[in-house]
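Engineer: let's see this in three dimensions:
(4 chains)
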Number of protein chains: 2
Amino acid sequence: MSHAVEPGSVRPGGRTARVRASVLRAAGDVLAEAGFTQLDLADVARRADVGKTTVYRRWGTVTNLVTDLLLDMAEQSLPRADTGTLLGDLTANAQLVQRTLTDPRQAALFKAIIAAATGDTRTAQALHRFYDTRISEWAPCVEQAIERGEVPADTDAREVIRAVSAPLYYRLLVTAEDLDEATADRAAQAAVVAARAGAYRQRTANAS
Amino acid sequence: MSHAVEPGSVRPGGRTARVRASVLRAAGDVLAEAGFTQLDLADVARRADVGKTTVYRRWGTVTNLVTDLLLDMAEQSLPRADTGTLLGDLTANAQLVQRTLTDPRQAALFKAIIAAATGDTRTAQALHRFYDTRISEWAPCVEQAIERGEVPADTDAREVIRAVSAPLYYRLLVTAEDLDEATADRAAQAAVVAARAGAYRQRTANAS
DNA sequence: CCTCTAACGGTACTGTGGTTCCGTTAGAGT
DNA sequence: ACTCTAACGGAACCACAGTACCGTTAGAGG
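Structural biologist: Numbers count the residues shown, from 1 in each chain, chains lettered A, B, ... in the order given. Below you'll find the predicted structure:
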């Protein structure tokens, strides 16, 4: 097991960082233009003006590259809203997600990652962690709503946030129906109504 | 343009049908065991006791094979429920979907198809048609609920059905959270509550 | 400024996914 | 039953994604 260390981890500055940035940018380009299946490491290397060997050494597989792309994106997180009402906050969240999934570049990336996660455990973990932190960032909206008495006290905050995203991702991946602002608003509205009615109460408290 | 005809379409009976069945079964096996990325046509041919050439001639790519698998599955459609209440019907639907996505074989197939559809237009079309018919089968539940006065008259029936599935698929593909009966019940419950509150009214009538 | 080596990158190589060729098998029509 | 050919299947073949090798470049530390 002479697995040594990952290339790029010992000297992460200077040239190494430039190469990484250049490769990730090129990979994003290919993804947006041609999609996941067309992503070929040699091609990425060419576009990034980087040696093919380097790309294979540092990423090795398409899946790893896509995962790294996700981690890179995870760093720029957008702050949650605080509009004073649950509907306002969730609408802001829904629209943020909607805009993300409508942007060609980001949509392609998310599709690629989700497709890759389907068949690779490590990618799946990265994906779950990504959404875990995103959901944690927005959950306080629901907690505030609980304090304001808008929804039952035992509401599962994270589940409400997921309920907002679910229909949007469903459209992106499964249905390919229009994904516009109205859809986002509707998703937020439905989540609020359901939450008020107690549909997202903690399971443990829900033993009939 | 000597595209002739698709092999298997002129003489669809007898041996041809046997080969198709055998290959699809083998493909399903691989999918369930090892996932989409491991699906290699030569391997499928070996397992199906069929010539590698045959598989390449008739399907050509992994994507085509997976699409064919979906079409094959689309033929056995399950009838919708009719329990007398919207909640009852949607719960039945949610549990049906939940059971499907929990079954290892079917879950793997759906993941594979959705992943493939991500990067291939033809597969995407097949996928959309599949869900289109499924949704059409269940939409009457909502229409009956409209007649009973359970939900507003201008409720978008198909959107309600989609709302039931969305959180389940979201879990399957994005979140990997538990996907049990309680989740299904909750999805149905949330959809009903939101529908009653008018969250799924037709857009055209919703111009503020 | 000099050294040391992590990381890069060109070239040559290899294994395998996919194709081509052509002979064989077995349904469908008469 | 006999014929005709769609469809199958083995084997040789090929292109190219992925690997191995090794010399070169450029950050980091003294």
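Engineer: packing partners of the longest helix anywhere in chain A?
Structural biologist: If you go by DSSP state H, chain A has its longest helix at helix A:121-148. The helices and strands touching helix A:121-148, judged by 3 or more Cβ pairs under 8 Å, 6 or more residues apart in numbering or on different chains; DSSP states H and E, are helix A:62-74, helix A:86-102, helix A:104-117, helix A:157-170. Backbone N, C-alpha and C define where each C-beta goes, glycine included.
Engineer: and the third one with chain B, contact?
Structural biologist: Which is helix A:104-117. Yes: with Cβ under 8 Å from any Cβ of the partner chain as the criterion, chain B is reached by helix A:104-117 at A:111-112, A:114-117.
Engineer: list the helices and strands that helix packs on?
Structural biologist: Judged by 3+ Cβ pairs under 8 Å, 6+ apart, the packing partners of helix A:104-117 are helix A:14-34, helix A:62-74, helix A:86-102, helix A:121-148, helix B:104-117.
Engineer: list the buried ones in that helix?
Structural biologist: A:106-117 (16 or more other Cβ atoms under 10 Å in any protein chain shown).
Engineer: and the contacts of it?
Structural biologist: When contacts are defined by Cβ atoms under 8 Å, 6 or more residues apart in numbering or on different chains, helix A:104-117 is touched by residues A:28, A:31-32, A:35-36, A:39, A:62-63, A:66-67, A:69-70, A:73, A:100-101, A:123-124, A:126-127, A:172-173, B:114-116, B:118-119, B:173-174.
Engineer: so which of those residues also contact DNA strand D?
Structural biologist: Filtering the contacts of helix A:104-117 for neighbours of DNA strand D using Cβ under 7 Å from any atom of the strand leaves A:Val62.
Engineer: can I have the buried ones of the contacts of helix A:104-117 as a ChimeraX selection?
Structural biologist: Entered in ChimeraX, the line below selects the buried ones among the contacts of helix A:104-117, by 16+ other Cβ under 10 Å:
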select /A:28,31,32,35,36,39,62,63,66,67,69,70,73,100,101,123,124,126,127,172,173 /B:114,115,116,118,119,173,174
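Engineer: get me the contact residues on chain A for DNA strand D.
Structural biologist: Contacts of chain A with DNA strand D, taken as Cβ under 7 Å from any atom of the strand, map to A:11-15, A:18, A:40-42, A:52-53, A:56, A:60-62.
Engineer: mind checking pLDDT for the residue in chain A that DNA strand C sits nearest to?
Structural biologist: Across chain A, no residue is closer to DNA strand C than A:Gly51, which sits at 2.3 Å (Cβ to the nearest atom of the strand). Listed pLDDT for A:Gly51 reads 96.
Engineer: tell me the contacts of it?
Structural biologist: Per Cβ under 8 Å, 6+ apart, neighbours of A:Gly51: A:Ala45.
Engineer: one step back: how about the helices and strands packed on helix A:104-117 in JSON lines, adding mean pLDDT and distance to B:Ala199?
Structural biologist: Converted to JSON lines, the helices and strands packed on helix A:104-117 look like this (pLDDT from 0 to 100; distance: least, Cβ to Cβ, whole Å):
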{"stretch": "helix A:14-34", "mean pLDDT": "93", "distance to B:Ala199": "33"}
{"stretch": "helix A:62-74", "mean pLDDT": "91", "distance to B:Ala199": "31"}
{"stretch": "helix A:86-102", "mean pLDDT": "98", "distance to B:Ala199": "11"}
{"stretch": "helix A:121-148", "mean pLDDT": "95", "distance to B:Ala199": "17"}
{"stretch": "helix B:104-117", "mean pLDDT": "93", "distance to B:Ala199": "26"}
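Engineer: and those helices as TSV, adding distance to B:Ala166?
Structural biologist: As requested, those are exported to TSV (distance: least, Cβ to Cβ, whole Å):
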stretch	distance to B:Ala166
helix A:14-34	25
helix A:62-74	22
helix A:86-102	13
helix A:121-148	15
helix B:104-117	13
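Engineer: for B:Gly88, which of those helices is the nearest?
Structural biologist: With respect to B:Gly88, and counting by Cβ to Cβ, the nearest of the helices and strands packed on helix A:104-117 is helix B:104-117 at 23.9 Å.
Engineer: wait, does the closest one contact DNA strand C?
Structural biologist: No: using Cβ under 7 Å from any atom of the strand, helix B:104-117 stays clear of DNA strand C, coming no nearer than 12.9 Å.
Engineer: how far is that helix from where the chain is centred?
Structural biologist: Taking Cα atoms, centre = their mean, to the nearest Å, one finds helix B:104-117 lying 9 Å from the centre of the chain it belongs to.
Engineer: what angle separates it from helix B:157-170?
Structural biologist: 110 degrees (axes from the mean of the first three to the mean of the last three Cα atoms, to 10 degrees).
Engineer: mind picking the two most distant members of the residues of chain A next to DNA strand D?
Structural biologist: Longest distance between any two of the residues of chain A next to DNA strand D is 28.6 Å, between A:Gly13 and A:Asp40; criterion Cβ to Cβ.
Engineer: so which of the two has more stuff around it?
Structural biologist: A:Asp40 (12 against 7; other Cβ atoms under 10 Å in any protein chain shown).
Engineer: got phi/psi on that one?
Structural biologist: Per-residue torsions, A:Asp40: phi -120, psi 130 (degrees, to the nearest 10).
Engineer: among the helices and strands packed on helix A:104-117, which is nearest B:Ala153?
Structural biologist: Counting by Cβ to Cβ, B:Ala153 lies closest to helix A:86-102 out of the helices and strands packed on helix A:104-117; the figure is 24.0 Å.
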